[in-house]
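K.L.:
Dropping a prediction and its sequence here:
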Amino acid sequence: MILTRDEILNNVKSGKIHISPFDKLMLNPNSCDYRIDYKLLELADLPIDPKKQSSYREINFTDDGCVLSPNKTYLANTYEEIGSDVFVPSLIGKTSLGRLGLFLQITADLGNLGAKHKWTLELKTVQSVKIYPMMRIGQVTFWKTAGKKDIKYTGKYDKFSIAKSSEIYKEFSGKQKR
């Protein structure tokens, strides 16, 4: 079951949902907008072997914005820290940006219980689109769970609050415990 605006607000006030900084004006009927921060990672054009670390170019974009090129993948992070020990967050894009051909969180929109940080966003566009730091780029929804909530996420990405490239190579190189 998805939380409504009032339920999100009540749970932010009670501390069951963490959004920092929080702005009540960013609430929607059943979600809360989030903003993009000031840094992007542009992934390499070459096919990446999952057994090797990802290569990327770091882009610090200014208030003048940054034009995203088609057929490239970019990583960025949310400006807000978002998470909950009680509800499962799901980060999705804004429909107005999707209608321009900018796709956000196309493969990894589901968060985990216990993870509270700035989320890495996956951006892909089919045509050139200009984005700006601190613009409302997506929205987060919160979902009630069924069953025990005693296991919290402690995976590869739970300690990061910056855009983080893939670490799947660690699974192939034996650097990550399973």
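P.N.:
Thanks, I have it. None of the values given here were measured: they were computed from a predicted structure.
K.L.:
I'd like the distance between the closest residue to residue 74 other than its chain neighbours and residue 101.
P.N.:
The shortest distance from residue 74 to any non-neighbouring residue, by Cβ to Cβ, 6 or more residues apart in numbering, is to residue 123 (4.2 Å). Heads up, the C-betas are built off the backbone N, CA and C, glycines and all. Separation of residue 123 from residue 101 (Cβ to Cβ, to the nearest Å) stands at 11 Å.
K.L.:
between these two, who's got more neighbours?
P.N.:
Shown here are residue 123 and residue 101; by other Cβ atoms under 10 Å, residue 123 has more neighbours (26 against 14).
K.L.:
residues in contact with the more buried one?
P.N.:
Residue 123 makes contacts with 40, 68, 73-76, 102-104, 131, as judged by Cβ atoms under 8 Å, 6 or more residues apart in numbering.
K.L.:
hmm, try it at 7 Å
P.N.:
Residues near residue 123 by Cβ atoms under 7 Å, 6 or more residues apart in numbering: 68, 74, 76, 102, 104.
K.L.:
In three-state terms, label it for me.
P.N.:
Following DSSP: H, G, I helix; E, B strand; the rest coil, the label given to residue 123 is strand.
K.L.:
Kindly provide the distance from it to residue 83.
P.N.:
In terms of Cβ to Cβ, residue 123 sits 21 Å off from residue 83.
K.L.:
ok, now residue 132?
P.N.:
Distance of residue 132 to residue 83, given as Cβ to Cβ: 25 Å.
K.L.:
Of these two, give the one with the bigger neighbour count.
P.N.:
When residue 132 and residue 83 are compared on other Cβ under 10 Å, the one with more neighbours turns out to be residue 83, at 26 against 15.
K.L.:
that older thread, in JSON lines, list the contacts of residue 123 along with secondary structure, neighbour count and pLDDT.
P.N.:
JSON lines is the format used below for the contacts of residue 123 (DSSP: H, G, I helix; E, B strand; the rest coil; neighbours: other Cβ atoms under 10 Å; pLDDT from 0 to 100):
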{"residue": "68", "secondary structure": "strand", "neighbour count": "23", "pLDDT": "95"}
{"residue": "74", "secondary structure": "strand", "neighbour count": "23", "pLDDT": "93"}
{"residue": "76", "secondary structure": "strand", "neighbour count": "27", "pLDDT": "93"}
{"residue": "102", "secondary structure": "strand", "neighbour count": "21", "pLDDT": "94"}
{"residue": "104", "secondary structure": "strand", "neighbour count": "22", "pLDDT": "89"}
